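**Student:** just coords:
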Ligand SMILES: Nc1ncnc2c1ncn2[C@@H]1O[C@H](COP(=O)(O)OP(=O)(O)OP(=O)(O)O)[C@@H](O)[C@H]1O
């Protein structure tokens, strides 16, 4: 096993993943992939479509298990945790943002950010204060009481960023977080995300096809043929 490092927000060592192993439709997606993120580091993950970005992010986010390798978050080895401990670690330590907002349609923007905090045992008043603060940071406070359907695509995604940060995780994983927005909105919304990440000192691994956005991060990793290069 590899040394645990408290300076690292995320350490993936020797990760391999094959879908449908031993069947005619077997796909070997990741081959001995190792990635480390220092605390406060923001890293772009760039890869052609189908190269395994989502698979890697799901493994890093404890949503999927690798066939081999170790996953460490905040210096804790998560690989051999039981289901309950993995769920707790995911809820407390990791924020996830997807290409589509996945906000709950029947709740307001504010409520969408309050709910994960209530699930984590935070009191209602404190949860609402934090939700308002986060919405204010991304410029959506005036829309706090609107439901997702009444928000623009950029606003919906900003609210999704706030929800991912609701429980103050140390690690943010994002899968094409502005991929469904037009280029101008994508640029602005990505700027809001980066400001939020920098202000909170988060570590982030952000998958994107957009090389302009990738260049605004601290480091770019490329995933090619199931392996990380550069
Ligand atoms: N549950 C699964 N079962 C079988 N094959 C899968 C499964 N999930 C993903 N794959 C395959 O693994 C490969 C990598 O998929 P993944 O979604 O990780 O790629 P990606 O780089 O995120 O792609 P995109 O940029 O298009 O979203 C693809 O060939 C995909 O078809």
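**Tutor:** Yep, it's here. Predicted model only: the values in this text are computed from it and were never measured.
**Student:** what helices or strands is the helix or strand harbouring residue 157 leaning on?
**Tutor:** Secondary structure assignment for residue 157, by DSSP states H and E: helix 153-164. For helix 153-164, the elements it packs on are strand 94-97, helix 109-119, helix 124-137, helix 183-200, judged by 3 or more Cβ pairs under 8 Å, 6 or more residues apart in numbering; DSSP states H and E. Where C-beta positions appear, they are placed from N, C-alpha and C, glycine not excepted.
**Student:** okay, the angle between the longest one and helix 153-164?
**Tutor:** If you take axes from the mean of the first three to the mean of the last three Cα atoms, to 10 degrees, helix 183-200 sits at 20 degrees to helix 153-164.
**Student:** part of a helix, is residue 36?
**Tutor:** No: under DSSP: H, G, I helix; E, B strand; the rest coil, residue 36 sits outside any helix and is assigned strand.
**Student:** count the residues that sit near the closest residue to it other than its chain neighbours.
**Tutor:** On the basis of Cβ to Cβ, 6 or more residues apart in numbering, the spatially nearest residue to residue 36 that is not a chain neighbour turns out to be residue 11, at 4.7 Å. Neighbourhood size, residue 11 [other Cβ atoms under 10 Å]: 23.
**Student:** who's residue 11 bridged to?
**Tutor:** Counting by DSSP bridges, residue 11 forms beta bridges with residue 36, residue 72.
**Student:** please apply the same query to the one 4 residues further on.
**Tutor:** Residues in a beta bridge with residue 15, per DSSP bridges, are residue 33.
**Student:** per-residue confidence for it?
**Tutor:** For residue 15, the model assigns a pLDDT of 97.
**Student:** before we move on, what about residue 95?
**Tutor:** Per-residue pLDDT puts residue 95 at 94.
**Student:** look up how far the ligand lies from it.
**Tutor:** Distance of residue 95 to the ligand, given as Cβ to the nearest ligand atom, to the nearest Å: 19 Å.
**Student:** give the contact list for that residue.
**Tutor:** Contact analysis of residue 95 by Cβ atoms under 8 Å, 6 or more residues apart in numbering lists 164, 165, 166, 167, 169, 171, 172, 173, 202.
**Student:** how about 6 Å then?
**Tutor:** By Cβ atoms under 6 Å, 6 or more residues apart in numbering, residue 95 lies in contact with 164, 165, 169, 172.
**Student:** and if you look at residue 128?
**Tutor:** Applying Cβ under 6 Å, 6+ apart to residue 128 gives the contacts residue 114.
**Student:** tell me which of the helices and strands packed on helix 153-164 sits nearest to residue 50.
**Tutor:** strand 94-97 (20.5 Å; Cβ to Cβ).
**Student:** test my guess that residue 156 contacts residue 100.
**Tutor:** No: counting by Cβ atoms under 6 Å, residue 156 sits too far from residue 100 to count as a contact (8.7 Å).
**Student:** who has more neighbours, those two?
**Tutor:** Neighbour count, other Cβ under 10 Å: between residue 156 and residue 100, residue 156 has more, with 24 against 14.
**Student:** so which bits of the chain are right by the ligand?
**Tutor:** Within the chain, the positions adjacent to the ligand are 19, 20, 27, 29, 47, 49, 50, 51, 52, 53, 54, 55 by Cβ under 6 Å from any ligand atom.
**Student:** nearest the geometric middle of the chain, what residue?
**Tutor:** Most central in the chain under Cα atoms, centre = their mean is residue 173, positioned 1.8 Å from the mean C-alpha point.
**Student:** how close does that residue get to residue 56?
**Tutor:** The gap separating residue 173 from residue 56 is 9 Å, by Cβ to Cβ, to the nearest Å.
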